[in-house]
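J.: sequence plus the predicted model coming up.
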Amino acid sequence: MIGKIHVFGGTSDAVLLCQRLEQLGLTYGLSVATEAGNETAMHLQGKVHVGRLDIEQMMALFHRESVDLVIDATHPFAAEVSKNIIQATQQTATKLIRYERQTQIDLLEHPLLIKVASIEEACQVASRLGEKVFLTTGSKELAKYKQLLPNKILIARVLPTVGVIQSCVDLGLGLGEIVAMKGPFSHDMNKAMYQFYQSDVVITKESGAEGGYSEKVLPCLELGITCIVISRPKQTYETVVSSIEALAEQLQVLIRG
């Protein structure tokens, strides 16, 4: 049997997951890192905790909320958060299920599609290519891109929040280098952006279908633009599901057990 569930994740699929928990009549809480994540979750019934947590704070939350099961539905690239979740659940003997978007990285192969393992490797490749680098990787690692690609013009597509835009300005990005928009973006929208900003290189992440992976990559190939894809960091979980229905089946087993 399971009682209280706690979900970590501020993406759109985490919200869909929580809605499925509501349909199943299960009690849950949700942790999101930012106010943007909180805004996404505002219509949910479960209690929402806003702010980043370290291992000790996670353990305290599990105890305080009497959590029986944790679902890690964080972004595939939130590696540090996932490490903390794994350790916190191990130390508290709390059940853990990983919900992760199914990968699409092996669906496409092309001479202009370059797959790398890290930001550092992506920047090494980009440094040998054209002047304008279009980043669809968010705002979190912008400082690292600025450091590793000092001689490139970086065009950063980021969330349109005051804090994020201010961080871009603080890093020295100008008005023509900040694309403040909330996705998801269609194939045609991405294509238009790459053309408008005269991109020589696009750097993206292995985000899966929910993150618009094909919609970001295919326009590059059509336009003759090199697309650098950063692979997901690897984590080890006992139980991993890649669809909400597969998760629902796992939960039904636990409920019956």
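T.: Nice, thanks for sending it over.
J.: first-to-last residue distance for stretch 89-107?
T.: With Cα to Cα, to the nearest Å as the measure, stretch 89-107 spans 34 Å from end to end.
J.: from residue 93, how far out is the closest residue to residue 84 other than its chain neighbours?
T.: Nearest residue to residue 84 in three dimensions, chain neighbours excluded: residue 55, at 4.9 Å (Cβ to Cβ, 6 or more residues apart in numbering). In short, each C-beta sits where N, CA and C put it, glycine included. Separation of residue 55 from residue 93 (Cβ to Cβ, to the nearest Å): 14 Å.
J.: out of those two, which sits in the more crowded spot?
T.: Neighbours per residue (other Cβ atoms under 10 Å) separate residue 55 from residue 93, with residue 55 holding more: 17 against 7.
J.: gap between the more buried one and residue 208?
T.: For residue 55, the distance to residue 208 - Cβ to Cβ - is 27 Å.
J.: for the residue nearest to residue 84, what are its contacts?
T.: Contacts for residue 55 were tallied using Cβ atoms under 8 Å, 6 or more residues apart in numbering; they are 84, 87-88, 91.
J.: just the ones of these in helices?
T.: Judged by DSSP state H, the subset of the contacts of residue 55 located in helices is 84, 87-88, 91.
J.: dump the residues you listed into CSV; add distance to residue 196, neighbour count and pLDDT as well.
T.: Listed next are the ones in helices among the contacts of residue 55 as CSV, based on distance: Cβ to Cβ, whole Å; neighbours: other Cβ atoms under 10 Å; pLDDT from 0 to 100:
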residue, distance to residue 196, neighbour count, pLDDT
84, 39, 22, 95
87, 44, 14, 95
88, 44, 23, 96
91, 50, 13, 96
